[in-house]
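Engineer: Give me a model of this one.
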Amino acid sequence: MAERKIFAGARIRRVRNERALTQVSMADALGISPSYLNLIERNQRPLTVQLLLKLASVYKVDLDQLQEETGSALAGLKEVFSEPLLAGELPGDQELIDICEAAPNAAAGILKLFRAYREQQKRLTDLSDMMARDGKALTLGPTRLPLDEVREVLARKANYFERIEAEADSFNRLLKSEDGLAAALKQWLKREQSITVRTLPAATMPNWRRRYDRHSLRLFISERLSNFDQTREIAMEAASIRMQVVIGAELEDLKLSSAEAKRIARFELLRYAAHALMMPYTPFREAAQRAKYDVDVLRARFNVSFEQAACRLTTLQKQGASGVAFFLQEIDQAGHRLRSFGAQGFPQSRFGGSCPKLQVYNAFSHPQQILVEQVELPDKAQYLTISRTIEGPQAGFGEQTRRTALMLVCEASSAQDTVYAAYLAGVSAGSGINPVGTACRLCERQACLARAEPPLTRPLALDEMVSGFSAYDFQ
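Structural biologist: Below you'll find the predicted structure:
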């Protein structure tokens, strides 16, 4: 096999200049003519084995380093100029050799920039794929699940359904629920539909929260549900009968693409209708304003759960009688987003909700405690967040408890209308404000100890001599 030629003219010149030698004196020491040395320094002649040995003995040159530096840099530059954007720019390898030898630091800089360019390309591709998975593509992918479509549609629109609210007000006036909504709904179901409501033990109904038996005209409710959730299930069944036309009209307006998606969305609209029955719009909005949106006060006043009161707060957008524009997100312990909606839609692009520094992800360490904080996004927008865990159905012995966490959010400019502004009073001159991002892959905050993923928009670990505090250092 032919021996690889070594062109190292710039390094030979550097060795000579470091020792303040002329070409004549160095050529004499190496046993060659000055003109031949001149050709070597201009990379017009390769170094022979005899010359390499002479350099090592006379000037103590590290031959391995001499070969490796030139070879690796040349291979790297060849990869750079094989990029389609630069293909055809160079007639041969000689100019690359000249760059490697004459300006090795510049060659290293080109390689560093090229690595950053390649990593950026890969991250932009990942971002495009991620946006397509999230439904941001120009067309809906055929593999997207109906549940994903429903979540996206409901997250985009305002969480206020005027026709359902009007029908719920009419239904509430008919019920006259002085003895409690659950009792009034049971009486209405029995009187108008001949439906009897029964609560069954978990052993009898292990898989369902609610089940309606059309043959026996009985509505079964699981005893594993809290009293609040049992009332909601009864209200949903009643709404499905009394508000069937209105809910069908709202469902058509969502313009969903499949029957399964419509079935899932109908369930969400029934839950909305149940909340409207349990917490009538005008009394609830007035109570919320008087209580300065204290969720605990509202849950006690309307005999509902924390989750139900928080969800209802996101619906107060009636024209001329609106409340603070809250939005809400529910997650589980693994960080999966189960629900996201808001009075004006869920601000996915502005707020995100996926930053691990948000208190909602810390709520599982403080069960049933309300965690309040003010956060600031990279664009300087600030929000008030109210986070708390909520319990699922009662678990039997040996069963794992289902626990999720809610985050109720409003813009910081509206925070003074809430009881939680007392917390913000302790935040002065920006201290105590938690800097967050929309999501790790879209956030460029430096040295974030909570970073869980590298940003798509920045190259990683370009400088091997520097190590930062983040698990994913970037430049």
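Engineer: The residue lying closest to Arg224 once chain neighbours are set aside: neighbour count?
Structural biologist: Nearest residue to Arg224, sequence neighbours excluded (CB to CB, 6 or more residues apart in numbering): Pro393, at 4.1 Å. (Each C-beta comes from the backbone N, C-alpha and C, glycine too.) Using other CB atoms under 10 Å, the number of residues around Pro393 comes to 16.
Engineer: right, and Pro393 touches Leu225 too?
Structural biologist: Yes - assessed by CB atoms under 8 Å, Pro393 is found in contact with Leu225 at 5.7 Å.
Engineer: tell me, what's touching those two both at once?
Structural biologist: Arg209 (CB atoms under 8 Å, 6 or more residues apart in numbering).
Engineer: so what secondary structure elements neighbour the strand or helix carrying Asp98?
Structural biologist: Element membership for Asp98, per DSSP states H and E: helix 94-102. Contacting helix 94-102 under the criterion 3 or more CB pairs under 8 Å, 6 or more residues apart in numbering; DSSP states H and E are the following elements: helix 9-18, helix 63-80, helix 104-133.
Engineer: which stretch in the ones you listed is the model least sure about?
Structural biologist: Note on these: helix 63-80 shows the lowest mean pLDDT, a mean of 66.
Engineer: State the next helix or strand along the chain beyond the host helix or strand of Leu408.
Structural biologist: Secondary-structure assignment from DSSP H and E places Leu408 in strand 403-411. Following strand 403-411 in sequence order, the next helix or strand is helix 421-424 (DSSP H and E).
Engineer: residues in contact with that following helix?
Structural biologist: Contacts to helix 421-424, defined as CB under 8 Å, 6+ apart, come from residues 292, 372-374, 384, 412, 415-416.
Engineer: who wins for most neighbours among those residues?
Structural biologist: Leu384 (24 neighbours).
Engineer: Which positions within stretch 396-407 qualify as buried?
Structural biologist: 403-407 (16 or more other CB atoms under 10 Å).
Engineer: which residues sit against that stretch?
Structural biologist: 202, 306-307, 310, 328-333, 338, 353, 358-361, 363-364, 367, 385-393, 395.
Engineer: Quick one: end-to-end length of that stretch, please.
Structural biologist: 27 Å (CA to CA, to the nearest Å).
Engineer: quick one: Leu47 and Glu41 touch, right?
Structural biologist: No - contact criterion CB under 8 Å: Leu47 and Glu41 do not qualify, at 10.8 Å.
Engineer: Sketch out the helices for the stretch 151-300 of the chain, chain order is fine.
Structural biologist: Assigned by DSSP state H, counting those that start in this stretch, the helices in the stretch 151-300 of the chain fall at 162-175, 181-193, 227-242, 244-253, 259-278, 281-290, 295-301.
Engineer: So for the third one, mean pLDDT?
Structural biologist: For helix 227-242, the mean pLDDT works out to 95.
Engineer: Run the chain-centre distance for it.
Structural biologist: 34 Å (CA atoms, centre = their mean, to the nearest Å).
Engineer: Going forward, count from 53.
Structural biologist: Right, with 53 as the first residue, what we last looked at is helix 279-294.
Engineer: for Arg364, what are its contacts?
Structural biologist: 327, 330-331, 336, 350, 356.
Engineer: Please tabulate the contacts of helix 473-476 in CSV and include pLDDT and distance to Ala158 as additional columns.
Structural biologist: Shown next, in CSV, are the contacts of helix 473-476 (pLDDT from 0 to 100; distance: CB to CB, whole Å):
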residue, pLDDT, distance to Ala158
Lys344, 95, 64
Val424, 93, 54
Glu425, 92, 48
Gln426, 91, 48
Leu436, 94, 52
Ala464, 90, 49
Ala467, 89, 54
Gln468, 90, 57
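Engineer: with those in mind, which one is nearest to Ala395?
Structural biologist: The closest of those to Ala395 turns out to be Leu436 (CB to CB; 14.1 Å).
Engineer: mind listing the strands for the stretch 353-502 of the chain?
Structural biologist: Counting by DSSP state E, counting those that start in this stretch, the stretch 353-502 of the chain has strands at residues 369-370, 373-374, 379-384, 389-394, 423-428, 434-443, 455-463, 486-487.
Engineer: and of those strands, who's closest to Leu163?
Structural biologist: Of all the strands of the stretch 353-502 of the chain, strand 486-487 sits nearest to Leu163, with 34.2 Å by CB to CB.
Engineer: List the residues that contact Arg402.
Structural biologist: Going by CB under 8 Å, 6+ apart, the list of residues near Arg402 reads 429, 431, 433, 490.
Engineer: Could you work out the most separated pair of those residues?
Structural biologist: Largest pairwise distance in the contacts of Arg402, by CB to CB, is 10.5 Å, between Ala433 and Thr490.
Engineer: Now the common contact residues for the two.
Structural biologist: 402-403.
Engineer: Of those two, give the one with the bigger neighbour count.
Structural biologist: Thr490 (19 against 14).
Engineer: Can you report how many residues neighbour the closest residue to the more buried one other than its chain neighbours?
Structural biologist: Nearest residue to Thr490 in three dimensions, chain neighbours excluded: Gly404, at 2.7 Å (CB to CB, 6+ apart). Using other CB under 10 Å, Gly404 has 19 other residues around it.
Engineer: my guess is Gly404 contacts Gly489, does it?
Structural biologist: Yes - if you go by CB under 8 Å, Gly404 and Gly489 touch, sitting 6.8 Å apart.
Engineer: Between these two, which contacts overlap?
Structural biologist: What both Gly404 and Gly489 touch, as defined by CB under 8 Å, 6+ apart, is the set Leu429.
Engineer: what stretches of the chain score poorly on pLDDT?
Structural biologist: 53-59, 115-124, 136-144, 153-154, 175, 177-178, 180-196, 476-483, 509, 511-527 (pLDDT under 70).
Engineer: quick check: domain ranges of it?
Structural biologist: 61-165, 198-330 (automatic domain parsing).
Engineer: Now those in TSV, please, with extra columns for mean neighbour count and distance to Gln371.
Structural biologist: Listed next are the domains of the chain as TSV, based on neighbours: other CB atoms under 10 Å; distance: least, CB to CB, whole Å:
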stretch	mean neighbour count	distance to Gln371
domain 61-165	15	54
domain 198-330	17	8
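Engineer: outside of the strand or helix carrying Val202, which residues touch it?
Structural biologist: Using DSSP H and E, Val202 sits in helix 198-208. Defining contact as CB under 8 Å, 6+ apart, one finds that helix 198-208 is touched by 186-187, 192, 306-310, 312-313, 316-317, 320, 391-394, 397-398, 400.
Engineer: Could you do stretch 336-351 as well?
Structural biologist: Defining contact as CB under 8 Å, 6+ apart, one finds that stretch 336-351 is touched by 331, 353-354, 356-358, 360-362, 364-365, 368, 370, 373-376, 378, 422, 438, 460, 469-473.
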